[in-house]
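> let me see the structure of the following:
(chains A and B)
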Amino acid sequence: QQQVKQSPQSLIVQKGGISIINCAYENTAFDYFPWYQQFPGKGPALLIAIRPDVSEKKEGRFTISFNKSAKQFSLHIMDSQPGDSATYFCAASMRGGYQKVTFGTGTKLQVIP
Amino acid sequence: KAGVTQTPRYLIKTRGQQVTLSCSPISGHRSVSWYQQTPGQGLQFLFEYFSETQRNKGNFPGRFSGRQFSNSRSEMNVSTLELGDSALYLCASSYTGGAGDTQYFGPGTRLTVL
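Sure thing, here's the model as predicted:
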């Protein structure tokens, strides 16, 4: 019940294309859903986050879509660039969970020129 | 502002030994969390500390322990190392550790157990 399932495991996208990564969760107590970006040799860095009272959040080329009834959320990267090549993790935590963040398994994105 | 620092960056140990990893959070951050990252299991939560108190713990055996000092610096210890403990250990800090409080991760300590 604590799991966050993420797909695909890897993704290759042409420069300028749209990258889409999907996540699903079971625990309805989760109420904060961040996405992290990790480059080789670095720790994950927060990219964008959403709460379940909002269906979409956009920051620059990055958009989170959230479907509360389906318990699914996704990250869309518009106009993907080679510099976006990294591993992306979705995650979830619950109010009062004191940073006990449950991560998805990660998606390795490669953007080719 | 300096980021989260972790020392050492790389460690090689043998089975049965113990190891201590250190984490210095961002100045002003009082919450420190630890995660284990492996190719097979991904990122898994170990524990979280706030004001020297462990507030949350993941599903790891008692060989994994931690502590936090009054200056918010934290250490984690793994005793009786096993081959499966080989992983990247990440530390993250935030102001309060609340669910919506942004966590900032360090670069990690790469532990190899031979």
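> ok, residue 25 - contacts?
In the absence of a named chain, chain A is used. A:Y25 sits next to A:3-5, A:71-73, A:92 when contact means C-beta atoms under 8 Å, 6 or more residues apart in numbering or on different chains. In short, each C-beta sits where N, CA and C put it, glycine included.
> nope, chain B
B:4, B:31-32, B:72-74, B:91, B:93.
> and the furthest pair within those?
B:S31 and B:R73 (12.5 Å; C-beta to C-beta).
> circling back to that earlier point, among the contacts of B:P25, which are within reach of chain A?
B:4, B:31 (C-beta under 8 Å from any C-beta of the partner chain).
> tell me the pLDDT at the residue in chain A that chain B sits nearest to?
Nearest to chain B, among the residues of chain A, is A:G43, at 3.0 Å (C-beta to the nearest C-beta). Predicted confidence (pLDDT) for A:G43: 93.
> for the closest residue to it other than its chain neighbours, which residues are in contact?
Spatial nearest neighbour of A:G43, excluding adjacent residues (C-beta to C-beta, 6 or more residues apart in numbering or on different chains): B:F105 at 3.0 Å. Going by C-beta under 8 Å, 6+ apart, B:F105 touches A:36, A:43-45, B:4, B:90-92.
> so B:L81 touches B:I12, yeah?
No. Using C-beta atoms under 8 Å, B:L81 is not in contact with B:I12, being 10.7 Å away.
> neighbour count winner among the two?
Between B:L81 and B:I12, B:L81 has the larger neighbour count (other C-beta atoms under 10 Å in any protein chain shown), namely 20 against 12.
> and chain A, which residues reach chain B?
Residues of chain A lying close to chain B by C-beta under 8 Å from any C-beta are A:31-32, A:36, A:41-46, A:49, A:51, A:89, A:93-106.
> picking that back up, so what's the residue nearest to A:G43 bridging to?
Beta-bridge partners of B:F105, counted by DSSP bridges, are B:A92.
> picking that back up, among the contacts of A:Y25, which are in strands?
Among the contacts of A:Y25, the ones falling in strands (DSSP state E) are A:4-5, A:72-73, A:92.
> in ChimeraX, how would I select the buried members of these?
Restricted to buried positions by 16 or more other C-beta atoms under 10 Å in any protein chain shown, the ChimeraX selection for those reads:
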select /A:4,73,92
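> what sits against residue 18?
Assuming you mean chain A. A:76-80.
> oops, wrong one, chain B.
Per C-beta under 8 Å, 6+ apart, neighbours of B:Q18: B:77-81.
> of those - the most surrounded one?
B:V78 (25 neighbours).
> that residue reaches B:F64, doesn't it?
Yes. Assessed by C-beta under 8 Å, B:V78 is found in contact with B:F64 at 5.5 Å.
> what residues does chain B have near chain A?
B:4, B:31, B:33, B:35, B:42-45, B:48, B:50, B:55-56, B:58, B:90, B:92, B:94, B:97-108.
> are any of these buried, and if so which?
Looking at the residues of chain B next to chain A with 16+ other C-beta under 10 Å, the buried ones turn out to be B:4, B:31, B:33, B:35, B:42-45, B:48, B:50, B:55-56, B:58, B:90, B:92, B:94, B:97-99, B:101, B:103-108.
> many thanks, we can stop here.
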